[in-house]
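Student: Structure for this input, please:
(chains A and B)
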Amino acid sequence: EPEVTQTPSHQVTQMGQEVILRCVPISNHLYFYWYRQILGQKVEFLVSFYNNEISEKSEIFDDQFSVERPDGSNFTLKIRSTKLEDSAMYFCASRGTTLYSNQPQHFGDGTRLSIL
Amino acid sequence: SQQGEEDPQALSIQEGENATMNCSYKTSINNLQWYRQNSGRGLVHLILIRSNEREKHSGRLRVTLDTSKKSSSLLITASRAADTASYFCAKNSGGSNYKLTFGKGTLLTVNP
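Tutor: This is a model prediction of the structure:
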């Protein structure tokens, strides 16, 4: 069964450094998402991406964050200057081979980001 | 406002027993989805129930939806130790991007 893959599984970065989290969504999906989960807290929506542009972003997704789909298969999340509070598990998800709304999102196993 | 809030926060049962987890939400939904998360792992999709559906089954899982009460429940029958995980409901309110709003989850422990 096709799945969403994320790399790396764990990323340790110094505060202030840039980090790029990578995702390969399911190949024929149309909608792509990033969520994060701070330890012990809810999974929170960050951003959705459709038709090569951001369709919605949350308050968390400030100017330090950006997303790209550079080559038609990868979907990346970049944090330009990391802060301690960016430490979390970051999940990529994809959904939808059509515009039909009642389709589930499929999640990757996540990247655990630790900011020192 | 709180969306997709589950209760109980933690549930401990014996193998073979049934486990029921509940989820409440505040605003209208397009669909509601249940996910499982094993410790430190990703979210695995279990069941999607549309707003015009009342009940859905998948193997040992049964999900109900009561839109008048804005609540849903997930029942796992004949539980197994491997069912030990956190279970989340996630609300999809439709719109143009179908983002999910998650609750805090229920940590289910099934004791052998």
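
Student: Look at residue B:82 and tell me its secondary structure.
Tutor: Under the three-state scheme (DSSP: H, G, I helix; E, B strand; the rest coil), residue B:82 adopts helix.

Student: Can you tell me the closest non-neighbouring residue to the residue nearest to the spatial centre of chain A?
Tutor: The residue lying closest to the centre of chain A (Cα atoms, centre = their mean) is residue A:34, at 2.9 Å. Leaving out its chain neighbours, the residue that sits closest to residue A:34 by Cβ to Cβ, 6 or more residues apart in numbering or on different chains is residue A:46, at 4.3 Å. For glycine as for every other residue, the C-beta is placed from the backbone atoms N, C-alpha and C.

Student: May I see the buried residues of the host helix or strand of residue A:46?
Tutor: Element membership of residue A:46, judged by DSSP states H and E, is strand A:43-50. Using 16 or more other Cβ atoms under 10 Å in any protein chain shown as the burial criterion, the residues of strand A:43-50 that qualify are A:43, A:44, A:45, A:46, A:47, A:48, A:49, A:50.

Student: go on, stretch B:83-103?
Tutor: Neighbour-count burial for stretch B:83-103, counted by 16+ other Cβ under 10 Å, picks out B:83-93, B:97-103.

Student: so which of the residues you listed also contact chain A?
Tutor: When contact is defined as Cβ under 8 Å from any Cβ of the partner chain, the buried residues of stretch B:83-103 meet chain A at B:88, B:90, B:92, B:97, B:98, B:99, B:100, B:101, B:102, B:103.

Student: Make CSV out of the residues you listed and add secondary structure and pLDDT.
Tutor: Formatted as CSV, these follow (DSSP: H, G, I helix; E, B strand; the rest coil; pLDDT from 0 to 100):
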residue, secondary structure, pLDDT
B:88, strand, 94
B:90, strand, 94
B:92, strand, 88
B:97, coil, 74
B:98, coil, 83
B:99, coil, 89
B:100, strand, 92
B:101, strand, 92
B:102, strand, 92
B:103, coil, 89
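
Student: between these, which is closest to residue A:74?
Tutor: residue B:97 (19.9 Å; Cβ to Cβ).

Student: where exactly do the strands run in chain A?
Tutor: Taking DSSP state E as the criterion, chain A contains strands spanning A:5-7, A:10-13, A:19-24, A:31-37, A:43-50, A:53-57, A:65-68, A:75-79, A:88-95, A:106-107, A:111-115.

Student: Redo the ones you listed as CSV? Include distance to residue B:7.
Tutor: As requested, the strands of chain A are exported to CSV (distance: least, Cβ to Cβ, whole Å):
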stretch, distance to residue B:7
strand A:5-7, 30
strand A:10-13, 32
strand A:19-24, 32
strand A:31-37, 19
strand A:43-50, 17
strand A:53-57, 29
strand A:65-68, 33
strand A:75-79, 32
strand A:88-95, 23
strand A:106-107, 23
strand A:111-115, 28
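
Student: Reformat those strands into TSV and put mean pLDDT next to each item.
Tutor: Below are these laid out as TSV (pLDDT from 0 to 100):
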stretch	mean pLDDT
strand A:5-7	96
strand A:10-13	96
strand A:19-24	97
strand A:31-37	95
strand A:43-50	94
strand A:53-57	93
strand A:65-68	96
strand A:75-79	97
strand A:88-95	95
strand A:106-107	94
strand A:111-115	97
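
Student: Of all these, which one is nearest residue B:58?
Tutor: So among the strands of chain A, strand A:106-107 is nearest, using Cβ to Cβ, at 15.7 Å.

Student: and that closest one, what other elements does it pack with?
Tutor: strand A:88-95, strand B:43-50 (3 or more Cβ pairs under 8 Å, 6 or more residues apart in numbering or on different chains; DSSP states H and E).
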